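Engineer: pasted the sequence and its predicted model underneath.
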Amino acid sequence: MSHQDKSMLITFSGACLLVLVFFFLGVKPYEDPNPEEEFIAIPVIQEPLEEEEVKEEVTQQQMQVKSHQVYNASELRNESRELFKEEDLIRKAIEQQQLESVEDLEAENEKTLEEHKKSTELAMAERKERIKAQIEEREKERASKKGNRESTVSYNLKGRNALRIPNPVYTCDAIGSIVLDIEVSNTGTITKKEYNKKASTSSNGCLIDQALIYASEAYFDSSSNASQKGTITFYFQG
């Protein structure tokens, strides 16, 4: 190759290089050398922020989990409250039932005791009536037997005659003789009478009372003596 050929090759290569440069730089070789500036919007391609998205997704999941946990905790508390309410109602119902059972048992016991008391009082009253009737019947029989008992009477009053000395029909459950010291007026009535223990063979109070009663009904004939002492003896036989 000659020297002239080399020079042409170099010139052509330089021209091609300039065209390429102008092409890439947006400057055309035949345009105005002072063109207006143009701005080409080069889109910014953002690389996907995988790490941040992953963090955000993880955070959202955590928030969802926390929200779910809060919801579960709230629901659990509500369920616990309901359960406690039910248990409290059941407990109160059981206590009320036990209280009613105790009250019913106490009422039943009181009723039973009252019925037992009434039946006991009725039985005691009936028993008293039977005993009373038996005692009255025995007293009647005893009085009837005693009323049929024999007795005699004697007196000692010098110079005087007894106009009336009742023979006692006594009801005492005893026997013996009762001697009474007496004082008789001039008209024949007994003005004083006393129980003579030494001369009597019995100190039974019932016999003494009977003798004093019957002696009050005795009287003698009249006398010139203003007062005269003597005795009356009642013999109570079986």
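Structural biologist: Thanks, I have the structure now.

Engineer: now the helices for the chain?
Structural biologist: 3-25, 50-147, 205-216 (DSSP state H).

Engineer: just the pLDDT for residue 196.
Structural biologist: In this model, residue 196 is scored at 95, pLDDT.

Engineer: also residue 166?
Structural biologist: For residue 166, the model assigns a pLDDT of 85.

Engineer: same deal with residue 216?
Structural biologist: Reading off the model, residue 216 has pLDDT 89.

Engineer: what does residue 178 give?
Structural biologist: The predicted local confidence for residue 178 is 94.

Engineer: got the helices of the chain as a markdown table, with mean neighbour count columns?
Structural biologist: All C-beta spots, glycine's among them, are computed from the backbone N, C-alpha and C. Shown next, in a markdown table, are these (neighbours: other C-beta atoms under 10 Å):
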| stretch | mean neighbour count |
| --- | --- |
| helix 3-25 | 10 |
| helix 50-147 | 10 |
| helix 205-216 | 18 |
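
Engineer: and for residue 154, the neighbour number?
Structural biologist: Other residues lying near residue 154 total 13 when counted by other C-beta atoms under 10 Å.

Engineer: excluding sequence neighbours, find me the nearest residue to it.
Structural biologist: What sits nearest to residue 154 in space, not counting adjacent residues and going by C-beta to C-beta, 6 or more residues apart in numbering, is residue 233, at 4.9 Å.

Engineer: right, and the helices of the chain - which one's nearest residue 228?
Structural biologist: Residue 228 lies closest to helix 205-216 among the helices of the chain, at 15.1 Å (C-beta to C-beta).

Engineer: before we move on, the earlier item: Serialize the helices of the chain to JSON lines and add fields for distance to residue 177.
Structural biologist: Shown next, in JSON lines, are those (distance: least, C-beta to C-beta, whole Å):
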{"stretch": "helix 3-25", "distance to residue 177": "182"}
{"stretch": "helix 50-147", "distance to residue 177": "17"}
{"stretch": "helix 205-216", "distance to residue 177": "9"}
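
Engineer: fine by me, we can end here.
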